[in-house]
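# Got a sequence here, can you model it:
(chains A and B)
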Number of protein chains: 2
Amino acid sequence: MSVDVNDINAAAQRLAGKAVTTPLLESPLVNDRLGCRLLIKAECLQRTGSFKFRGAYNRICQFTPEERERGVVAYSSGNHAQGVAAAARQVGTKAVIVVPRDIPEIKRRNTESWGAKLAFYDRDTEDRVAVAQAIADKSGAVIVPPFDDERVIAGQGTIGLEILAQARAQGAVPDAVLIPCGGGGLTAGIATAIKGSAPDCRVITVEPAGFDDTRRSFAAGERVFNDLGPGHPTTFCDALTAEAPGKLTFPINAELVDGALVLDDGPICQGVYTAFVDFKLVLEPSGAIGLAALLCGALAPVFEPEGKTIAVVASGGNVDPATFTEALGRAAADTRAD
Amino acid sequence: MSVDVNDINAAAQRLAGKAVTTPLLESPLVNDRLGCRLLIKAECLQRTGSFKFRGAYNRICQFTPEERERGVVAYSSGNHAQGVAAAARQVGTKAVIVVPRDIPEIKRRNTESWGAKLAFYDRDTEDRVAVAQAIADKSGAVIVPPFDDERVIAGQGTIGLEILAQARAQGAVPDAVLIPCGGGGLTAGIATAIKGSAPDCRVITVEPAGFDDTRRSFAAGERVFNDLGPGHPTTFCDALTAEAPGKLTFPINAELVDGALVLDDGPICQGVYTAFVDFKLVLEPSGAIGLAALLCGALAPVFEPEGKTIAVVASGGNVDPATFTEALGRAAADTRAD
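Numbers count the residues shown, from 1 in each chain, chains lettered A, B, ... in the order given. Below you'll find the predicted structure:
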């Protein structure tokens, strides 16, 4: 195994006092409604609004003095960009983030606020990985990939350690953990941490419809790509649109993951709504997909939650007011239509 | 003094494992923007979505066996109702909540979900306190008032202990604490806790315009009532519309509070917006008013925040989607107009 529990324990020590130990939240009312015990790992309260800070910091804080001098380069227009930028600032090294030329203003501003420099590429004619590589080749900066990196995976895995410890402190033992899945780094880290000390706990991924590369890869026994060509369905889970499982993350997840769920946008809106109403958390659609899978009944065919303890990773809350408002509105309309 | 630090320490022991130790959140980006260190006590993540559970539980868990048999009665249509209902359920006693006949459906459902019974009164012809008293007289149930009760005040004061301990763990010492103020129970508890071990920390109340009874009472040196007759301004801070400071809370706050601020709805929307964007928290307008006072510059004339550490009590998040969406929209429009 490329990442083991020792790596995750070491990451937890590095992150102590740097990352937020996000709360594991519970609502007796929601438990009554669902007939199970739901624990929400509120990673939207993490520094930069998503779990990405953990992996980025665990990678960047291990830079050699020479690497710190040269800095970091990353390609992302979203949560990973902010995680890298904040981690670089914390470590005291410089960051360049490769972003599309048409990056939304708010994401540009957020990333720059952390002190990162932006390098622009053209979506239609350029490949962002190649642009990042060219910058790395020229400046000597270290590329920190969004998921396919052992130290990034180990950093995300600290969430799994915290879930088990916090659940124990609340007198609970998770029977299953639901994890939003893009490239699979969050899943690989958490699965490694969970299976290391709670091997009976089911680890289940959740992906948005049209971006179910992980589910299809499990079925095929090899990495399968999403077809992202013209006519491909869109999703508002913009953080979960990786084109395929990672080369490192896939074998880990193929061994450790017990089930893979896929959800449409409608149920995901219900996840956003329940997080708002019952937990007072702002979740982006990608961050609410695990909760949504439990709420809409998608989990039951894979693992019956009745009477069980289900932990849900609420992975991020970086959502603009318009999208959030739209999700709340759709959820309310769907509820009325029931 | 009717409530002292020992009472609050005892309340903290009673609440351990029952109430959520809500996180004290911080954003380096927001700190950069404001030029001070802002610590947000996220009490919206408390059981029932507001701080009210603390005081209610600290009161109800001290019921004698006879009192438990007879149950509790409270008058509230909002956060106190849910706090009492949840605390009664936790303790294993029954609760009756006196609510207006036109209570919004969602509040009715929430309160009933905790197992409380509702008793209705007519806003125009009946007095809710008298209705509660009649129920208490008949059934022997114990009235738990929303703020004017020593054990309720002590319960709310546990927030102050947590702020000091959590700030210390993060290497911070608050120079001032901003507290949303209705009847003054939250303020009295927190002020007692804070001044007990950090006497130099300023304690400052924030009220919505038109409901500034606490500020005016401080100025008058006696309890002054809001004129809630026809033509009185409305506010969307529905949790801060007590008619006057309490008989118990007023002398405590008159001695311990260092300043009293009053805000219009516009700046309060900015508080809701910043909690959403930068902290991923759902705050009701009443819960965002402390944050808002810092953001809009209202604090500066009373206490210059530049270079200081300011703790803000984000007291609750029980807001319906329509009001929340409206607040976000108003904040965005005001920002564009700047």
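
# helices or strands up against the helix or strand harbouring A:Leu118?
For A:Leu118, the element it lies in under DSSP states H and E is strand A:117-121. Under the contact criterion of 3 or more CB pairs under 8 Å, 6 or more residues apart in numbering or on different chains; DSSP states H and E, strand A:117-121 touches strand A:95-100, helix A:105-113, helix A:128-139. Quick note: C-beta positions are derived from backbone N, CA and C, even for glycine.

# Quickly compare the ones you listed and say which is most buried.
strand A:95-100 (a mean of 24; mean count of other CB atoms under 10 Å in any protein chain shown).

# Quick one: name the residues of the stretch 151-300 of chain A near chain B.
Neighbours of chain B within the stretch 151-300 of chain A, by CB under 8 Å from any CB of the partner chain: A:273, A:276-277, A:279-283.

# what's the closest non-adjacent residue to the closest residue to chain B within the stretch 151-300 of chain A?
Nearest to chain B, among the residues of the stretch 151-300 of chain A, is A:Lys280, at 3.4 Å (CB to the nearest CB). Using CB to CB, 6 or more residues apart in numbering or on different chains and skipping the chain neighbours, the partner closest in space to A:Lys280 is B:Gly317 (3.4 Å).

# Distance check, the one you found against B:Asp175.
Remark: distance between B:Gly317 and B:Asp175 (CB to CB, to the nearest Å) = 26 Å.

# Same question for A:Ala176.
Distance of A:Ala176 to B:Asp175, given as CB to CB: 45 Å.

# Which residues are in contact with the residue of the stretch 151-300 of chain A closest to chain B?
Counting by CB atoms under 8 Å, 6 or more residues apart in numbering or on different chains, A:Lys280 touches B:44-45, B:49, B:281-283, B:317.

# again, but for A:Arg151
Neighbours of A:Arg151 in contact, by CB under 8 Å, 6+ apart: A:7, A:11, A:55, A:58-59, A:62.

# Among those residues, the buried ones, what's the PyMOL command?
Burial among the contacts of A:Arg151 is assessed by 16 or more other CB atoms under 10 Å in any protein chain shown; the matching PyMOL selection reads:
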select buried, chain A and resi 7+11+55+58+59
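
# Just the contacts of A:Arg151: which are in helices?
Counted as lying in helices by DSSP state H, out of these, are A:7, A:11, A:55, A:58-59.

# Tabulate those residues (TSV), appending pLDDT and distance to A:Gly71.
As requested, the ones in helices among the contacts of A:Arg151 are exported to TSV (pLDDT from 0 to 100; distance: CB to CB, whole Å):
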residue	pLDDT	distance to A:Gly71
A:Asp7	98	24
A:Ala11	98	21
A:Gly55	98	18
A:Asn58	98	17
A:Arg59	98	13
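
# What's the local residue count around the nearest residue to A:Ala288 once chain neighbours are set aside?
In this structure, A:Ala288 finds its nearest non-sequential neighbour in A:Gly271, 3.3 Å apart by CB to CB, 6+ apart. Using other CB atoms under 10 Å in any protein chain shown, the number of residues around A:Gly271 comes to 28.

# where's the helix of greatest length in chain A relative to the chain centroid, distance-wise?
Assignment by DSSP H gives helix A:150-169 as the longest helix of chain A. Remark: helix A:150-169 is offset 13 Å from the chain centroid, using CA atoms, centre = their mean, to the nearest Å.

# Dump that helix to CSV, restricted to CA.
What follows is helix A:150-169, C-alpha atoms only, in CSV (Å, rounded to 0.1, in the frame of the first residue of the first chain):
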residue,chain,number,x,y,z
GLU,A,150,0.8,10.2,-1.3
ARG,A,151,1.3,13.1,1.1
VAL,A,152,-1.8,14.8,-0.2
ILE,A,153,-3.8,11.6,0.4
ALA,A,154,-2.3,11.2,3.9
GLY,A,155,-3.3,14.7,4.8
GLN,A,156,-6.9,14.1,3.7
GLY,A,157,-6.9,10.9,5.7
THR,A,158,-6.6,12.9,9.0
ILE,A,159,-10.4,13.4,8.6
GLY,A,160,-10.8,9.7,9.1
LEU,A,161,-8.8,9.7,12.3
GLU,A,162,-10.8,12.6,13.6
ILE,A,163,-14.2,11.0,12.7
LEU,A,164,-13.3,7.8,14.7
ALA,A,165,-11.9,9.7,17.7
GLN,A,166,-14.8,12.2,17.8
ALA,A,167,-17.4,9.5,17.3
ARG,A,168,-15.9,7.6,20.2
ALA,A,169,-16.0,10.6,22.4
